[in-house]
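Trainee: what would the 3D arrangement of this be:
(one chain, ligands or ions: 1)
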Amino acid sequence: MRVARRLESFEYAIREIKAVASELERKGKRIYNFSIGDPPAYGFTTPEHIKAAIKKAISEDYNFYIDSLGDPELRELVAKKESQKAKSTFTSDDVLITSGVSEGIFFADAALVEPNDEILIPGPSYPPFSSYVKFFGGRPVEYALDSSQEWQPDPDEIRKLITNRTRAIVIISPNNPTGAMYSKKNLQAIINIAGEHDIPVISDEIYEKFVYEGSFISTASLSKDVPVIIFCGFSKTYRMTGLRLGYIAYHDQEGKLEEMKEAIKKMARIRLCANAPAQKGAIAALTGPQDHIDKMISELLVRRDYCCDLLEDIPQIQCHKSKGAFYLFPKIKYQGRWKNDKEFALDLLNKTGVLVVYGSGFGEHGKDHFRMVFLPPMDEIKAGLERLSSFFKQGK
Ligand SMILES: Cc1ncc(COP(=O)(O)O)c(C=O)c1O
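Mentor: All right, here's what the predicted structure looks like:
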C-alpha cells in the first residue's frame, strides 16, 4: 500500500541503531548501551512520591479525558516555575501541557511552518527538530555549533542564515548531543537577531537541571519583547520518560504569539489531552522533595569525568567535557580504518557490543563524532569503555 511521501524525510538515528543492537541482542550478544537519554532505563527510577501520586490518581479514577490544555493546578504550578526561572510573569494561560517536549515541537512547527519556510536549528541537533520541519514541508537550516569553541554558536553566522522565510531560531541549552551550554552573550545575541527580524526564539530547556559547570541561563530572562517559546518537561529531571509529559510555556510580553497560541490550543483539543494520571504525578514532582536532582547530578559528574578521562587517553578520540545534559560527543580520527561515523558506530557495535549513536544522525555538523550517554551505572561504564578502548588498540 502507498505511504505518504512526507514520511520519507523521517529519520531518527538514535532508534535506528538501537534496532540493530536489539537484533544482535536477540541473537545472544551482550550489549553495552550508551545510546539513549533515558534516566529510568539506567536505574534513575521515577521518585517514589511521584509514582504514589500517579497510583493514587489511577485508583481515584482520574482516568478520563481531562482539559486539553492540561490539569489547571499543573498549569498554575508550571506558570509559577517559569516565572521564577525568567524573573518575569507567566500565567496559566501561557502554559500548555503536552505529551512530552516531542509533542511540543510538533505543535510549534505545525503552527509556524508553511511549505518552504525555514527554521534555524543548531547543528548538530536533537533529530526531531529537523524531522518535524521537513514533515510540514519546511526546511531546517543548521547553524553550526563550533567544537573548537566548546560548541558555541556564532551569532554572525546565524544573522547571515536568516532569510525572509525564516520563522524561528531554535536554541537547545544545555544541548543534546554536544553537552554544551550557550553563553549568556550568545543567548542575548540570538534574542537580538530574532528581535531584528520579528521572529520568535524557541528554547528547549529540557536539560535545565543538568548543569555541571556554571549555572543554567533562562533564555526568557534575557528577553524583554522578543517572544520565547519554551519547551520543557518532566522526562529527564523527574525521570518520567515513559510517562510522556512536558509543556510549552510562552514568554510573550507584547502578545505577539496570541494567534499562534490559539492555533496550538486547537491542535491540543484535537488530540484530546496529555496523560491525566501522569499530570497528577507532575504536580507531586513540582511540589514535592527535589533532593533526587542534586544527588543525580553529583553521580553523573563522577560518571562524566570518568568517561571523558578514559576517552581522552585513546589517541584516536578527542573529547570535550560536557557542561550540561548527560551526553559526550567525542570526535573520531578514522586513520583509514572507517569511512565515516556510521561505519565506525556499526563496527564498534558488531565487534564489542558497545552501542553509541553516530554523530551524523544529529545532522551534517555531527559527522566524524559519536554520542555517548554517561547515564549507565559505573560498572557498566567501566565494562563498556574497556571494550571500546581495546577496540581502538586492536586496529583492523
Ligand atoms: C533536546 C531534547 N528535547 C526533547 C526531548 C524529548 O523530550 P520528551 O521526552 O519530553 O518528549 C529530548 C529527548 O532526549 C531532547 O534531548
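
Trainee: okay, strands next: where are they in the stretch 251-396 of the chain?
Mentor: 317-318, 327-328, 331-332, 354-355, 357-358, 370-373 (DSSP state E, counting those that start in this stretch).

Trainee: output the contacting helices and strands for the first one.
Mentor: Using 3 or more CB pairs under 8 Å, 6 or more residues apart in numbering; DSSP states H and E, the elements in contact with strand 317-318 are strand 331-332. Backbone N, C-alpha and C define where each C-beta goes, glycine included.

Trainee: now swap in the third one and tell me
Mentor: Using 3+ CB pairs under 8 Å, 6+ apart as the contact definition, the elements that strand 331-332 packs against are strand 317-318.

Trainee: what are the pairing partners of the strand it packs on, and which direction each?
Mentor: Applying DSSP bridges to the sheet, strand 317-318 is found paired with strand 331-332 (antiparallel).

Trainee: residue ranges with poor pLDDT in this structure?
Mentor: Applying pLDDT under 70 to the chain flags residues 9, 396.

Trainee: on that earlier part again, quick check: which of the strands of the stretch 251-396 of the chain is nearest to residue 278?
Mentor: When the strands of the stretch 251-396 of the chain are compared by CB to CB, strand 370-373 sits nearest residue 278, at 23.3 Å.

Trainee: is that closest one up against the ligand anywhere?
Mentor: No: remark: strand 370-373 sits outside contact range of the ligand, by CB under 6 Å from any ligand atom, the gap being at least 9.6 Å.

Trainee: ok, the residue in the chain that the ligand sits nearest to to residue 323 distance?
Mentor: Going by CB to the nearest ligand atom, the ligand is nearest to residue 100 of the chain, at 2.6 Å. Going from residue 100 to residue 323 by CB to CB, to the nearest Å gives 24 Å.

Trainee: could you do residue 261 as well?
Mentor: Where residue 323 is concerned, residue 261 sits at a distance of 32 Å (CB to CB).

Trainee: looking at the two, which has the bigger crowd around it?
Mentor: Using other CB atoms under 10 Å as the criterion, residue 261 and residue 323 rank with residue 323 on top: 21 against 17.

Trainee: picking that back up, near the residue of the chain closest to the ligand, how many other residues are there?
Mentor: 23.

Trainee: now residue 99
Mentor: 19.

Trainee: now swap in residue 235 and tell me
Mentor: Close neighbours of residue 235, defined as other CB under 10 Å, add up to 22.

Trainee: helix, strand, or coil at it?
Mentor: At residue 235 the chain is in coil, as set by DSSP: H, G, I helix; E, B strand; the rest coil.

Trainee: and the chain, what are its domain boundaries?
Mentor: As assigned by automatic domain parsing, the chain contains the domains 5-45+291-394, 48-287.

Trainee: pull up the residues of the stretch 1-150 of the chain that are close to the ligand.
Mentor: For the stretch 1-150 of the chain, the contact set with the ligand under CB under 6 Å from any ligand atom comprises 37, 100-102, 126.

Trainee: ok, so of these, who is nearest residue 53?
Mentor: For those, the nearest to residue 53 is residue 100 (18.4 Å; CB to CB).

Trainee: verify the stated contact: that closest one with residue 235.
Mentor: Yes: counting by CB atoms under 8 Å, residue 100 touches residue 235, with 6.1 Å between them.

Trainee: the residue nearest to residue 316 when sequence neighbours are not counted: neighbour count?
Mentor: Leaving aside its sequence neighbours, residue 316 sits nearest to residue 333 (CB to CB, 6 or more residues apart in numbering; 4.5 Å). Using other CB under 10 Å, residue 333 is surrounded by 14 other residues.

Trainee: residues touching residue 333, list them.
Mentor: 315-318 (CB atoms under 8 Å, 6 or more residues apart in numbering).

Trainee: would you show me how to pick out the buried ones of the residues you listed in PyMOL?
Mentor: To isolate the buried subset of the contacts of residue 333 in PyMOL, counting by 16 or more other CB atoms under 10 Å, use the following:
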select buried, resi 317
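
Trainee: just the contacts of residue 333 now: which is nearest residue 88?
Mentor: Within these, the smallest distance to residue 88 is 39.7 Å, found for residue 318 (CB to CB).

Trainee: beta-bridge partners for that closest one, please?
Mentor: Counting by DSSP bridges, residue 318 is bridged to residue 331.

Trainee: so it sits against residue 329, correct?
Mentor: No: contact criterion CB under 8 Å: residue 318 and residue 329 do not qualify, at 10.3 Å.

Trainee: can you count the residues close to the residue nearest to residue 352 when sequence neighbours are not counted?
Mentor: Sequence neighbours aside, residue 387 is the residue nearest to residue 352 in space, at 4.1 Å (criterion: CB to CB, 6+ apart). Neighbour count for residue 387, taken as other CB under 10 Å: 16.

Trainee: residues contacting residue 387?
Mentor: Applying CB under 8 Å, 6+ apart, we find residue 387 in contact with 32, 352-354.
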